[in-house]
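K.L.:
Following is a predicted model, sequence given first.
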Amino acid sequence: MPTIQFSQIPPAGDGSPVRTEAVAGHVTGARKGQRVVLFARSGVWWVQPTVEQPFTEIQSDSTWTNRTHPGAAYAALLVDSSYRAPSTTNVLPERGGAVLAVTVAEAEISLSAPKKLSFDGYQWEVMSTANNHGGSTNFYETSNAFVDHSGFLHLRITRHGQQWTSAQVKLIRSLGYGSYRFIVQDVSQLEPAAVLSFYTWDDIGPPREMDIEVGRWGEIAGKNAQFVVQPYVVPANSVRFIAPPGKLTYSLQWQPGSAAFRTLREAASFSEAARVVQHVFTSGIPSAGNENIHISLFVFDNRHNPLQRETEVIVEKFEFLP
């Protein structure tokens, strides 16, 4: 009788559409054509890692590996080719028919406190969990984010063996409506595969995502920055522009029904001469909730123009005015 077991599961975590972590295991008695289906429990059971990719292949040594979004428990099913995985289910299937083996593991709560840093009078959590925000899976190293003696926030992309590691910090407090301002040293020469992002994200409710992004998304030519109110697939929800060389101030003025983005040149007032670009969105604006500001420097996976070297960005100031 075939069996399936876990050899690695992530710690317990709240369900998140962007965070993923490694999961692994092995099977005994599996036959050719059989595969693994993974689920994570967050309220209901969610198929992993995505609805579009619900199957995990079994290697020649009978092991399997994949990634899963966090949950309170994890399940692995050994199935044959006739099994059709649901996107969610309240109750896991039992052994029988297309399901050849089932195992469930309750996740342990991690007791290690996340790393935090202080930047411009606010506390920020330094992210260490992999996620696919921006469309590519990124792995985050806490040492890639730090504050120097001048109080400036440094974010780095570094190489560990054959793998790039990125940097991300999340504001611990949710600030809601108001004016957000970021002063950034020259990022006009970022490689095509590197992206700097300032964005709102709600881990509990709807994403409430709005983005200021500097990056070419793997393209050598073209505009290198954009303002976005998600979902970006709606043409009216994004505006691309050229971020010029030099120190720039990026800002978001968020009010009910309105998101006004602006980019200014260094040490300038809100004058026409200082303005690089400004755009006001009035459609699809999220309401305030439990969102937090994130600052992220990450790798956009692009086979034509992959990242070539380690990268650093310096954010001199963050300011919020209600």
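P.N.:
Good, I have the coordinates.
K.L.:
And the closest residue in space to Ala12 that isn't next to it in sequence, how far from Ser42?
P.N.:
Closest residue to Ala12 apart from its sequence neighbours, by CB to CB, 6 or more residues apart in numbering: Ala107 at 3.8 Å. The way it works is simple: take the backbone N, C-alpha and C, and place the C-beta from them, glycine included. Taking CB to CB, to the nearest Å as the measure, Ala107 and Ser42 are separated by 11 Å.
K.L.:
same thing with His133?
P.N.:
Relative to Ser42, His133 is positioned 18 Å away (criterion: CB to CB).
K.L.:
Which one's more surrounded, those two?
P.N.:
When neighbours are counted by other CB atoms under 10 Å, His133 and Ser42 differ, and His133 comes out ahead with 23 against 17.
K.L.:
if we can go back for a sec, compute the number of surrounding residues for the residue nearest to Ala12.
P.N.:
Every residue meeting other CB under 10 Å relative to Ala107 is counted, giving 17.
K.L.:
same deal with Phe139?
P.N.:
For Phe139, the tally of surrounding residues (other CB under 10 Å) stands at 18.
K.L.:
Domain-wise, how is this structure divided?
P.N.:
Taking automatic domain parsing as the domain assignment, the ranges for the chain are 3-106, 116-321.
K.L.:
Next, format the ones you listed as CSV and append mean pLDDT.
P.N.:
Formatted as CSV, these follow (pLDDT from 0 to 100):
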stretch, mean pLDDT
domain 3-106, 92
domain 116-321, 92
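K.L.:
okay, and the common contacts of Ala107 and Ser42?
P.N.:
Contact criterion CB atoms under 8 Å, 6 or more residues apart in numbering; residues shared by Ala107 and Ser42: 70-72.
K.L.:
out of these, who's nearest Ala288?
P.N.:
Closest approach between these and Ala288, by CB to CB: Pro70, at 24.7 Å.
K.L.:
Burial check on Ile172, number of neighbours?
P.N.:
Residues near Ile172, counting by other CB under 10 Å, number 13.
K.L.:
meant to ask about Thr56
P.N.:
Here the number of neighbours of Thr56 (other CB under 10 Å) works out to 22.
K.L.:
Show me the residue at the heart of this protein, geometrically.
P.N.:
Taking CA atoms, centre = their mean as the criterion, His133 is the residue nearest the geometric centre of the chain, at 2.9 Å.
K.L.:
roughly how far apart are Pro244 and Asp148?
P.N.:
Plainly put, Pro244 is 25 Å away from Asp148 if you go by CB to CB.
K.L.:
May I see the buried residues of stretch 45-58?
P.N.:
Using 16 or more other CB atoms under 10 Å as the test for burial, stretch 45-58 gives 45-49, 54, 56, 58.
K.L.:
And those, which is closest to Glu141?
P.N.:
Within the set of the buried residues of stretch 45-58, Pro49 lies nearest Glu141; the separation is 21.5 Å, counting by CB to CB.
K.L.:
bridging residues for the residue lying closest to the closest one once chain neighbours are set aside?
P.N.:
Excluding its sequence neighbours, the residue lying closest to Pro49 (CB to CB, 6+ apart) is Arg67, at 5.0 Å. On the basis of DSSP bridges, Arg67 takes part in beta bridges with Ala22.
K.L.:
residues in contact with Arg67?
P.N.:
Contacts for Arg67 were tallied using CB under 8 Å, 6+ apart; they are 20-23, 48-49, 130, 137.
K.L.:
in the stretch 151-300 of the chain, which spans are helices?
P.N.:
Applying DSSP state H, counting those that start in this stretch to the stretch 151-300 of the chain gives no helices.
K.L.:
Pro322 touches Gly178, doesn't it?
P.N.:
Yes. Using CB atoms under 8 Å as the test, Pro322 is close enough to Gly178 to be in contact (4.3 Å).
K.L.:
got the contact list for Asn302?
P.N.:
Taking CB under 8 Å, 6+ apart as the definition of contact, the neighbours of Asn302 are 192-193, 217-218.
K.L.:
And for Phe198?
P.N.:
With contact set as CB under 8 Å, 6+ apart, Phe198 has these partners: 180, 182, 211-213, 250, 252, 293-295.
K.L.:
Just name the closest of these to His304, please.
P.N.:
Glu213 (19.5 Å).
K.L.:
burial of the closest one, as a residue count?
P.N.:
Here the neighbour count serves as a burial measure; for Glu213 (other CB under 10 Å) it reads 22.
K.L.:
What of the one 3 residues further on?
P.N.:
The burial count assigned to Arg216 is 21, neighbours taken as other CB under 10 Å.
K.L.:
residue boundaries of the strands in the stretch 1-150 of the chain?
P.N.:
Listed in chain order, the strands of the stretch 1-150 of the chain (DSSP state E, counting those that start in this stretch) span 3-8, 21-28, 35-42, 44-48, 55-56, 63-68, 73-79, 88-89, 99-106, 116-119, 122-126, 139-140, 145-147.
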